[in-house]
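Novice: what follows is a predicted structure for the sequence shown.
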Number of protein chains: 2
Amino acid sequence: MNQDYIVPNNWSVIEEGFDAERVKSSESLFSIGNGAMGQRANFEENYSGETFQGSYIAGIYYPDKTKVGWWKNGYPEYFAKVLNAPNWIGIEIEINGEDFDLNTCLEVKNFERELNMKEGWYHRSFEATLKNGTEIKVDVRRFLSLDSDELGVINYEITPLNKDAKIVYKPYIDAGVKNEDANWEEKFWEPLETKYSDNEAFVVARTFKTHFNVATYMSNSIFLNHKNLNSSPVKVDASADKIQFAYEVEVASGQKSSIQKFGGYTVSLNHEKSELISSATKVIAAAKAKGYEALLQEQIEAWSKIWEMSDITIDGDVKAQQGIRFNIFQLNQTYLGKDSRLNIGPKGFTGEKYGGSTYWDTEAYCIPFYMATKDQQVARNLLTYRYNQLDKAIENAEKLGFTNGAALYPMVTMNGEECHNEWEITFEEIHRNGAIAFAIFNYFRFTGDYSYIPEKGLEVLIAIARFWHQRATFSTHKDQFVILGVTGPNEYENNVNNNFYTNYLAKWCINYTIEQIEKVEKEYASDYSRIFSKVNLDAAEIVHWKKVADKMYLPFSEEHDVYLQQDGFLDKELVKVYDLDKSQRPINQKWSWDRILRSPYIKQADVLQGFYFFEDHFSKEQLEKHFDFYEPFTVHESSLSPCVHSIQAANLGRMEQAYTFYLRTSRLDLDDYNKEVEEGCHITSMAGTWMSIVEGFGGMRVKNDALHFEPKIPEQWQGYSFKINFRNQILQVFVNANETKFTLEGSQELTVYVNGKAVLVQPNTLVTV
Amino acid sequence: MNQDYIVPNNWSVIEEGFDAERVKSSESLFSIGNGAMGQRANFEENYSGETFQGSYIAGIYYPDKTKVGWWKNGYPEYFAKVLNAPNWIGIEIEINGEDFDLNTCLEVKNFERELNMKEGWYHRSFEATLKNGTEIKVDVRRFLSLDSDELGVINYEITPLNKDAKIVYKPYIDAGVKNEDANWEEKFWEPLETKYSDNEAFVVARTFKTHFNVATYMSNSIFLNHKNLNSSPVKVDASADKIQFAYEVEVASGQKSSIQKFGGYTVSLNHEKSELISSATKVIAAAKAKGYEALLQEQIEAWSKIWEMSDITIDGDVKAQQGIRFNIFQLNQTYLGKDSRLNIGPKGFTGEKYGGSTYWDTEAYCIPFYMATKDQQVARNLLTYRYNQLDKAIENAEKLGFTNGAALYPMVTMNGEECHNEWEITFEEIHRNGAIAFAIFNYFRFTGDYSYIPEKGLEVLIAIARFWHQRATFSTHKDQFVILGVTGPNEYENNVNNNFYTNYLAKWCINYTIEQIEKVEKEYASDYSRIFSKVNLDAAEIVHWKKVADKMYLPFSEEHDVYLQQDGFLDKELVKVYDLDKSQRPINQKWSWDRILRSPYIKQADVLQGFYFFEDHFSKEQLEKHFDFYEPFTVHESSLSPCVHSIQAANLGRMEQAYTFYLRTSRLDLDDYNKEVEEGCHITSMAGTWMSIVEGFGGMRVKNDALHFEPKIPEQWQGYSFKINFRNQILQVFVNANETKFTLEGSQELTVYVNGKAVLVQPNTLVTV
């Protein structure tokens, strides 16, 4: 826990004081991104202390050779890793002949970092005394432009405080980087070309194997007292993968000198390989034409537009406010929905752990946020991403022995291929397939846009239904279909039989697919015949599917009147979490794996995840019974756990519990609950935080093409508000202890339901309920 | 399969013809060992084709840093690997200026290898035409002395056939070797010292981390027409880890020239570190004093003594005869029982796969062979090995959360520490603990030597009973104790609940331990009080154990009237192996792991392993019912499977099936059933082959301190015989279709039971039944 380290503030993440032990954690928390690239909050200048350098480019990956202890058939030979990209931020600094390094200074005072989420920039300032006695004040601001997403901007300002200083700024770009998580300590980048002239430099490198070409560039200007000196480098060091300039400035005590560095990448995903340098030259030219101040202004405006739609306000609880904004900010830094080749990596641009960019998190947790706060095309792009990878998912299933176009989407992927290599996850955590089908259903439910299903979605649904049909086997003993050897959402169980969530989802997937086939047949005849001939489906096959869905076994306990998480769950020693000695927590750090597996402890919602997806299939009494049965065994050691529990606790009117879960999910990284934020932030669970407020406290649901709310408020809050883009109508919802208010943009009225009662909201008129 | 490749022969393994594709396989099959060191059948001369170089020294290991894809708490940071030792066999050969290499010769004719199992030597001969046109005949004999177990002997003879030849022999010793299975491609040996004079050379190296010091030595003599030329090297190349001599001989066409190389190791396990070179010098001096011919004669005599006790003869079936002798030969090459620090590695000295030297194979499969064919001290040494590692087994259990002196012996070990890192095996294949207890019971049953139990065994039993007591958990639901999350002997199931074999063994272990405590209390009062105060045990604890044993749940199917391999077994799709398409076999090569796990297919005896251990707990009808239920689902893809099934098929009078299983186990490596012999031979399963004959066909059992037989014979055989050391009386048993004969050595009579009928065998008198 990091509690009380980050200064509470409504709009900024603030760190005060320099602590070498916290550098790596803060590098994660103060990361910046613009959807196309991202940068950990590494120092620009040399730093000899512990640091985790990370620059990332969306969509650029490397297939690293798999490393395992014991090979199992079916593992991918290679898997796609998030790639640490060339460094564009580096600026070595020499002051009166000494290399400036915060780790070797005699004193560092008034160190402060601020991540200004409202305006989209990162700022660092401090005063330092070098070993040679020179005292300096440093102010650095950095941002990645939202408007020009190949551009990063740094303004690095130094003021000598106690004597005149000869300052040498040595900005560089460097493709000689490595991944911290490289399996075999290999380099992933091959330098191709370098070029420089005047104040601009370019290093073109390509990834080995995948051959993504990337031009990393920089353009530098030196200022004294805010006046551009139009300096040229006094020295250039160029090697195959690095170019470094040196600029000298004599600065009198008290004067301000600065370097402005524009840098970033142009990549072959978006440009011809031959035009990377010329494209970068254009980005530089445009940036220089605008200048630093105008670029910053643009950035503030661009973020202001994002906040206008996606902000959630919370009154009376600064930490809760800071938490939700941090989550919304990070989600928008990671994925803006412009490009259907991209997805939402679990660490976003804040670290490289886990490899791959796409988990079931996208479908299960992220899509609701993007659907409600962006144009619906964004969610459609996320669905299309899976559609585009359907062939690979079919190949993946074939590797595991499935046939006839059955698809198993990978557990983790970058390009459609599996990136994971742990049999109990890779081969057995197959419920991910169900979340992908659920997202198609959810997209239509929310947006009302059915066109996606005949165009693309139905093919995905059919391939998934085929998978479930083949994966289920018939138990003569039970006279029902069973699904053996799976890992459910609760990864603290492996290779179990008849995981309720998985079986229920499989049954639902088949039934839903059959319904959609019937609907498309009736209403989209030409799509229907196109798809049927493409996938070679006939009525007899559907009959077989149906049999599996109809006779799907669901483990149930008469005694407890609950569905069982899996066969045999009741054989466990059912000691509740609060009866467990605190010294044993978190169990994933304290216990060996076998002990975790045979315990009843649940990492994240499993049966309850099913109740979340299919809430309207069950009564509130059933929900309560299951919540009361499972929550006491849940250790919430997954970042994805508290949000679902927060929503359900709120639904059951248990506001204190809902609030506790909310804080845990929203401040997971800020307060570093699991002591791992130095590896990067938990981006995908941040969308769950949004759900905790909107679906949990706000009680928002879509039923029969209408928005429903059951607003509640934690007693710690005076009020909160959020906005929803519901079918291109923008509704803002304000909740306080006594009333709920709505405002609607546009010109059309909208009927919403509050606690089941219809409320007509007129555009631009405050409605209070 | 390699069937019909090895020439059938009663006493030798013979290969005819040179096939570069088979070099690695033959390197395994023709391996030699003397219990203290071993050597794959690598060529002495350079070979540029595919080869797997392997020299091994018993007890010398290296803790290699663990490599896994995903770390789990409890994995060992390092694990002990069988170490590829310095090369002492190397002799580069230059003939008329050309480096001799079988891979580059113009022609290789009459290539033959023979592993003479009767006499304990390996021979290779061939004629080759070099690229420079020189034709030579080569004869090489190599053996590792049983009498002087630090000594290896090579006689390498070359006859130029078509022209005179200048032959340069360049013998070397080289500590610059690597392990093929090194996790991080590191070197494991650090050179310390080299020394040479005249014809002798020494390289002292030590293992990194473990700091075993080893002097590798050689002493060379050059002969022409069998006359020692007393040559000295014309050249010496010495580096930090390698010394190479060069000897030149002018050999007229048709003349025989040869080099005799004595080489091997002296190691710090057996000598002071400062005396390794002087000890080696003594070994050389003794060997030179005897000379090659006398050493060979000694070797023949030493092996003859081993065969006298351990040979099994089979009449009328050369392949079966060759198979069993190969198995007995390899077992004796691997472990002679002289040193309780050593054990029986799964690959012996024939390869380095799997790491570690000790599996539950030792207790479950090997001890019966060593008990019956060696002095009983040998089996006692194997038990003592585990006793000596008890502290480490307790530590190992502590890592997994067990307390109070509970022990979990490692799955694989070299020094008592766990060498395995796959959670479903390392943490869950806990039945190994039971085999260690069973071996204590079995040792007493066979030898009648109870003294081991009060002296050492009881401490082991108590620690194991404690483990089972803690590992079982109470199921309120079942009102019985259950053992959740285990892997049984059938490793094609992982993380199952209530594996019958494991639960039954746990129950038995506790009960057996309590019986032994009671017996020791009565009969060995001073041991009793020593142990009780040491392990801090009281009567109350035993009551708790007893409760677990008494209320242990055993999964059972009323419908099939069989114990179930584990909970949920009947939910599987019970398609029998013979209904499985042949193209799907072996499933461990054709199927992904999840598919194997959810299938009903059994890798090796599991429930039936329990019926093997505890045969007298069940009726023959029960055995038959369980055999008929499980064998049809068994794919026998473990080397340890066919032997148990062979014994049980014989017990049930199904001789054709028993014979098929016998051939499969005895010729597993010779015929390379699983296409993997190039990695090394399956040493531990070879003891199972011995059991197939003695316990299977011979029907040998020990009941109430007496030997019982139910002799049967496969119809392919005319007769077979084996010898048993039963409590220091040597009984030989001859079986043919009509009768069983016994002879007994010594001076004391012995009553044995044949098919339940007592037979009095007088010493040195043939008794026919």
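Specialist: Looks like it came in fine.

Novice: how far does the lowest-mean-pLDDT helix or strand in chain A sit from the chain's center?
Specialist: Lowest by mean pLDDT, DSSP states H and E among the helices and strands of chain A is strand A:78-82, with a mean of 81. Distance of strand A:78-82 from its chain centroid, counting by C-alpha atoms, centre = their mean, to the nearest Å, is 17 Å.

Novice: contacts for it?
Specialist: A:56, A:61-66, A:179, A:181-182, A:188, A:209, A:345, A:347, A:352, A:354-357, A:412-415, A:417-421 (C-beta atoms under 8 Å, 6 or more residues apart in numbering or on different chains). (Each C-beta comes from the backbone N, C-alpha and C, glycine too.)

Novice: what is the helix or strand following that strand packed up against?
Specialist: Note on strand A:78-82: by DSSP states H and E, the next helix or strand toward the C-terminus is strand A:91-95. With contacts defined as 3 or more C-beta pairs under 8 Å, 6 or more residues apart in numbering or on different chains; DSSP states H and E, the packing partners of strand A:91-95 are strand A:151-160, strand A:165-174.

Novice: out of these, which comes closest to chain B?
Specialist: For the helices and strands packed on strand A:91-95, the distance to chain B is smallest for strand A:165-174, at 27.1 Å, taking C-beta to the nearest C-beta.

Novice: am I right that residue A:304 falls within a helix?
Specialist: Yes: if the criterion is DSSP: H, G, I helix; E, B strand; the rest coil, then residue A:304 is within a helix.

Novice: give me the pLDDT for it.
Specialist: Looking at residue A:304, its pLDDT reads 98.

Novice: what's the neighbour count on it?
Specialist: Using other C-beta atoms under 10 Å in any protein chain shown, residue A:304 has 13 other residues around it.

Novice: and what of residue A:582?
Specialist: For residue A:582, the count of nearby residues is 6 (other C-beta under 10 Å).

Novice: then residue A:359?
Specialist: If we define neighbours as other C-beta under 10 Å, then residue A:359 has 25 of them.

Novice: quick one: it and residue A:36, what's the gap?
Specialist: The gap separating residue A:359 from residue A:36 is 21 Å, by C-beta to C-beta, to the nearest Å.

Novice: which pLDDT value belongs to residue A:420?
Specialist: Predicted confidence (pLDDT) for residue A:420: 86.

Novice: quick check: it touching residue A:411?
Specialist: Yes: if you go by C-beta atoms under 8 Å, residue A:420 and residue A:411 touch, sitting 4.4 Å apart.

Novice: ok, back up a step: which of the contacts of strand A:78-82 are buried?
Specialist: Among these, those scoring as buried are A:56, A:61-64, A:66, A:179, A:182, A:188, A:345, A:347, A:352, A:354-357, A:412-415, A:417-421 (criterion: 16 or more other C-beta atoms under 10 Å in any protein chain shown).

Novice: just the residues you listed that are near chain B?
Specialist: A:66, A:421 (C-beta under 8 Å from any C-beta of the partner chain).

Novice: could you look up the SS state of residue A:734?
Specialist: Three-state call for residue A:734 (three-state DSSP): strand.

Novice: so what's it bridging to?
Specialist: residue A:721, residue A:741 (DSSP bridges).

Novice: so who does it touch?
Specialist: A:719, A:720, A:721, A:740, A:741, A:742, A:743.

Novice: and these as CSV, adding distance to residue B:79, pLDDT and neighbour count?
Specialist: Shown next, in CSV, are these (distance: C-beta to C-beta, whole Å; pLDDT from 0 to 100; neighbours: other C-beta atoms under 10 Å in any protein chain shown):
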residue, distance to residue B:79, pLDDT, neighbour count
A:719, 59, 97, 17
A:720, 54, 98, 25
A:721, 58, 98, 19
A:740, 62, 97, 24
A:741, 65, 97, 17
A:742, 64, 97, 23
A:743, 65, 97, 18
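
Novice: all good on my end, thank you.
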